[in-house]
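[1] When you get a sec, could you give me coordinates for this:
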Amino acid sequence: MPELPEVETVRAGLADHSLGRPVQAVRVVDARSLRRHLPGPAQFEAALTGRTLRGAYRRGKYLWLTLSEPDGALANEALVVHLGMSGQLLVRDEPGDDSGSDSGNDSEARAAFDEQPRHLRVALELGPAEARPEETSEGEGRTGQRLLFVDQRIFGGMFLSPLVPDVPAAVATNKAAPGEVPEHFLVPEAVKHIARDPLDEFFDPVAVRRKFLRTSSGIKKVLLDQSVISGVGNIYADEALWRARLHYAKPARTLSAAQTRDLLAAVTDVLRESLAAGGTSFDALYVNVLGESGYFERSLNAYGRAGEPCHRCAEAGRTSLMVREPFQNRSSYRCPHCQRAPRSR
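    Predicted coordinates for the structure are as follows:
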């Protein structure tokens with residue numbers, strides 16, 4: 001399942017390629033991908049058509065696009081996207097009308113643009129982006145575009161959700177007048193319960209520590225709880241726990257303050273490193289908006305390495321093989337030497 005680095009990579013791609021484009025038409029190929037949009041496909045199509053993609057935001061594994069009304073005002077709802085296990089958002093730029101180009105290449109480009117991907121669920125037909133002063137490339141953004149939601153397993157989806165204020169406590173004393181909350185402090189109502197992630201400017205490690213101390217659940221289970229800390233899934237939880245030398249079943253409340261700091265630092269570092277690598281792609285199900293795979297799987301120390309030597313132990317001259325153990329209908333990977341099981345009580 002795409003985790004924070006993969007979703008952030010997609011968000012950044014949308015910010016680079018699709019913002020400022022008006023939605024000219026919407027085609028719902030499979031209504032199952034709109035199951036969280038209760039008014040149904042027809043209303044979804046009507047609500048988006050005529051609005052412009054304004055901003056691209058993310059919290060944890062959710063991303064959303066704010067919208068502008070035809071008069072330029074911020075719409076009171078946003079387009080929320082959850083990639084689920086296999087969701088992809090792909091952009092395809094319409095070929096430009098270049099009379100001096102090779103006609104064969106033009107035909108190939110048009111055929112590629114018109115080709116419908118397998119497992120296409122929703123397609124947004126976008127118009128040319130409005131010219132921005134900083135743009136200098138001729139023709140860039142001047143043609144239409146298709147934004148395609150592709151999802152093999154249909155665990156993800158798209159829906160519209162009202163925007164509500166979510167001003168961080170650190171700046172809540174500077175409350176704006178009603179209706180004047182800055183756009184970056186507005187979140188879809190359906191996403192507000194999701195905790196901030198470690199890459200968020202307003203992530204609060206002290207609050208996370210307090211939540212740790214209130215539960216005897218295993219630390220990995222707590223890391224995967226999106227109401228405690230968001231954006232972390234099975235892969236990056238295993239990687240962070242390996243770096244912090246913690247067993248996944250260690251009760252969260254038993255972590256010392258130093259262990260909590262080390263773990264949160266490990267989570268932050270692994271998310272940043274994966275983001276820099278474009279995310280983790282074990283198969284073709286995760287790609288960025290241009291259809292390119294990430295390559296962080298080459299840097300994994302724990303996940304998927306059962307039976308292979310622990311890198312840390314090998315550097316210390318020890319021989320310890322990584323193990324795979326069942327965990328909540330999934331798997332956990334750890335080093336039996338570096339990440340010893342907690343003592344039973």
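[2] how about the helices in the stretch 1-150 of the chain?
    4-17, 41-48, 103-114 (DSSP state H, counting those that start in this stretch).
[3] Tell me where the model's unsure across the stretch 201-345 of the chain.
    Along the stretch 201-345 of the chain, the parts satisfying pLDDT under 70 run over 281-286, 295, 344-345.
[4] quick one, strands of it?
    323-327, 330-334 (DSSP state E, counting those that start in this stretch).
[5] ok, now the stretch 51-200 of the chain?
    According to DSSP E, counting those that start in this stretch, the strands that the stretch 51-200 of the chain contains are 52-59, 62-68, 77-82, 87-93, 120-126, 145-151, 157-165, 186-188.
[6] Pairing partners for the shortest one, with directions?
    Right, strand 186-188. strand 157-165 (antiparallel) (DSSP bridges).
[7] got the buried residues for the partner strand?
    157, 158, 159, 160, 161, 163 (16 or more other C-beta atoms under 10 Å). No exception for glycine: its C-beta is placed from N, CA and C like everyone else's.
[8] nearest to residue 70, of those residues?
    Closest approach to residue 70 among these (C-beta to C-beta): residue 160, at 16.7 Å.
[9] where does the residue nearest to the closest one when sequence neighbours are not counted sit relative to residue 207, distance-wise?
    Nearest residue to residue 160 in three dimensions, chain neighbours excluded: residue 77, at 4.8 Å (C-beta to C-beta, 6 or more residues apart in numbering). Distance check for residue 77 against residue 207: by C-beta to C-beta, to the nearest Å, it reads 29 Å.
[10] just so I know, which of the strands of the stretch 51-200 of the chain lies nearest residue 324?
    The nearest among those, by C-beta to C-beta, is strand 87-93 at 26.3 Å.
[11] who touches the residue lying closest to residue 237 once chain neighbours are set aside in this structure?
    Once flanking residues are discounted, residue 237 sits nearest to residue 223: 4.6 Å by C-beta to C-beta, 6+ apart. For residue 223, the contact set (C-beta atoms under 8 Å, 6 or more residues apart in numbering) comprises 229, 232, 237, 240, 241, 267.
[12] at 10 Å instead, please
    Residue 223 sits next to 208, 212, 229, 232-234, 236-238, 240-241, 246, 248, 252, 263-264, 267 when contact means C-beta atoms under 10 Å, 6 or more residues apart in numbering.
[13] dump the residue contacts of the nearest residue to residue 255 once chain neighbours are set aside.
    In space, and not counting its chain neighbours, residue 255 is closest to residue 212: 5.9 Å by C-beta to C-beta, 6+ apart. For residue 212, the contact set (C-beta under 10 Å, 6+ apart) comprises 219, 222-223, 228-229, 251-255, 257, 259-260, 263-264.
[14] Same question for residue 279.
    2-10, 235, 286-288, 292-297.
[15] what's the distance between it and residue 14?
    In terms of C-beta to C-beta, residue 279 sits 15 Å off from residue 14.
[16] what does residue 318 give?
    Residue 318 is 45 Å from residue 14, by C-beta to C-beta.
[17] The two: which is more packed in?
    residue 14 (22 against 13; other C-beta atoms under 10 Å).
[18] which residues touch the more buried one?
    Counted by C-beta under 10 Å, 6+ apart, residue 14 has contacts 53, 55-58, 63, 65, 81, 89, 91, 147, 288-289.
[19] Can you check what pLDDT the model gives it?
    Residue 14 carries a pLDDT value of 97.
[20] neighbours around the closest residue to residue 306 other than its chain neighbours, how many?
    With sequence-adjacent residues excluded and distances taken as C-beta to C-beta, 6+ apart, residue 306 is closest to residue 324, at 3.7 Å. For residue 324, the count of nearby residues is 16 (other C-beta under 10 Å).
[21] repeat for the one 3 residues further on
    A count of neighbours around residue 327, defined by other C-beta under 10 Å, yields 19.
[22] I figured it hits residue 221, correct?
    Yes. Residue 327 is within contact range of residue 221, at 8.4 Å (criterion: C-beta atoms under 10 Å).
[23] can you list residues touching both of the two?
    237, 248, 249.
[24] out of these, which is most surrounded?
    Among the shared contacts of residue 327 and residue 221, the one with the most neighbours (other C-beta under 10 Å) is residue 237, at 26 neighbours.
[25] For residue 246, see how far away that one is.
    In terms of C-beta to C-beta, residue 237 sits 10 Å off from residue 246.
[26] Then residue 66?
    Taking C-beta to C-beta as the measure, residue 66 and residue 246 are separated by 38 Å.
[27] circling back: go ahead and build a PyMOL selection from the buried members of the contacts of residue 279.
    Typed into PyMOL, the line below selects the buried ones among those, using 16+ other C-beta under 10 Å:
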select buried, resi 2+3+4+5+6+7+8+9+10+235+286+287+288+293+294+296+297
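[28] For residue 231, give me its contacts.
    3-8, 58-62, 194-200, 203, 267, 271.
[29] Just the buried ones out of those residues, please.
    3-8, 58-62, 194-200, 203, 267, 271.
[30] which one of the contacts of residue 212 sits closest to residue 122?
    Using C-beta to C-beta, the contacts of residue 212 come closest to residue 122 at residue 229, 30.0 Å.
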